[in-house]
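Enquirer: okay, structure incoming, though there's no sequence with it:
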């Protein structure tokens with residue numbers, strides 16, 4: 001993510017037509033005092049929060065997806081993400097369903113990426129566990145099933161303490177989604193920017 005100091009100005013000749021989509025954020029973008037903000041940093045300004053790539057108004061799993069998409073995109077691809085910024089506002093609702101849907105979507109993208117040879121055995125195991133847990137939560141935790149991976153241990157314990165949803169949303173699901181996006185990026189071939197931006201838009205639609 002961009003870590004330019006707050007006093008920097010926009011780069012000379014920054015093309016404004018990059019921000020034609022997502023009109024609510026266009027006019028404001030020109031006043032953001034960073035040369036190369038990432039989409040989450042732009043969201044923080046639109047939400048009138050302190051400058052950060054983890055704005056509190058954004059669902060943490062969605063934010064993790066956006067940061068990973070940014071990190072694996074080219075410079076042009078990163079700029080093409082900026083018009084999506086207004087769509088992230090006010091997505092930080094609680095509940096297992098949104099987090100699990102985002103994880104399931106990202107894992108599906110990774111497991112259907114064109115270059116499957118890039119996925120290691122360990123990654124496949126973690127992705128499978130992440131998907132099992134997400135589907136288990138989306139199915140409202142049926143009694144005849146168990147969550148995948150380590151969730152079979154921490155979920156019952158944290159359920160008892162009424163901390164399981166917050167832990168999944170803020171920590172587990174963010175890691176699952178970020179790894180899935182990273183794997184999808186590696187396996188995307190020559191159209192990485194297009195595939196990553198499409199995935200991020202799908203996540204925005206489902207969050």
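Expert: Looks like it arrived, so ask away. Computed from a predicted structure; not experimentally measured. Numbers count the residues shown, from 1 in each chain.

Enquirer: avg pLDDT for whichever helix or strand residue 77 is part of?
Expert: In this assignment (DSSP states H and E), residue 77 forms part of helix 75-81. Here helix 75-81 scores 94 as its mean pLDDT.

Enquirer: beyond it, next helix or strand please.
Expert: helix 96-111.

Enquirer: what comes up buried for that following helix?
Expert: Using 16 or more other Cβ atoms under 10 Å as the test for burial, helix 96-111 gives 96, 98-111. C-beta here means a position set from N, CA and C on the backbone, and glycine is covered the same way.

Enquirer: who's in contact with whichever helix or strand comes after that helix?
Expert: Where DSSP H and E defines the elements, the next helix or strand beyond helix 96-111 is helix 121-138. Outside helix 121-138, the residues within contact range by Cβ atoms under 8 Å, 6 or more residues apart in numbering are 96-97, 99-101, 103-104, 107-108, 110-111, 119, 142, 145-151, 155, 168, 172-173, 176, 179-180, 183.

Enquirer: residues touching residue 107, list them.
Expert: Residue 107 is in contact with 127, 130-131, 134, 176, 180, counting by Cβ under 8 Å, 6+ apart.

Enquirer: save the residues you listed as CSV, and put in neighbour count, distance to residue 203 and pLDDT too.
Expert: Supplementary listing: those in CSV, determined by neighbours: other Cβ atoms under 10 Å; distance: Cβ to Cβ, whole Å; pLDDT from 0 to 100:
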residue, neighbour count, distance to residue 203, pLDDT
127, 24, 16, 96
130, 27, 15, 96
131, 22, 15, 96
134, 30, 13, 96
176, 29, 13, 97
180, 29, 11, 97
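
Enquirer: mean confidence score for stretch 45-62?
Expert: Model confidence over stretch 45-62, given as mean pLDDT, is 95.

Enquirer: now do it: distance to the chain's middle.
Expert: Computed by Cα atoms, centre = their mean, to the nearest Å, the separation of stretch 45-62 from the middle of its chain amounts to 12 Å.

Enquirer: quick one: buried residues of that stretch?
Expert: 45-47, 51, 53, 55, 57-62.

Enquirer: what's the answer for stretch 131-149, then?
Expert: By neighbour count, with 16+ other Cβ under 10 Å as the criterion, the buried positions of stretch 131-149 are 131-137, 147-149.

Enquirer: nearest to residue 162, of these?
Expert: Ranked by distance to residue 162 (Cβ to Cβ), these are led by residue 137 at 15.8 Å.

Enquirer: what's the separation between that closest one and residue 53?
Expert: Separation of residue 137 from residue 53 (Cβ to Cβ, to the nearest Å): 26 Å.

Enquirer: flag the shaky bits of the chain, pLDDT-wise.
Expert: 1-36 (pLDDT under 70).

Enquirer: spatially central, which residue of it would that be?
Expert: The C-alpha lying nearest the average C-alpha coordinate of the chain belongs to residue 65 (Cα atoms, centre = their mean; 1.4 Å).

Enquirer: surely it is in contact with residue 106?
Expert: Yes - checked against Cβ atoms under 8 Å, the pair residue 65 and residue 106 is within contact range at 6.3 Å.

Enquirer: list the residues that contact both of these two?
Expert: Taking Cβ under 8 Å, 6+ apart as the criterion, residue 65 and residue 106 both touch 177, 181, 199, 203.
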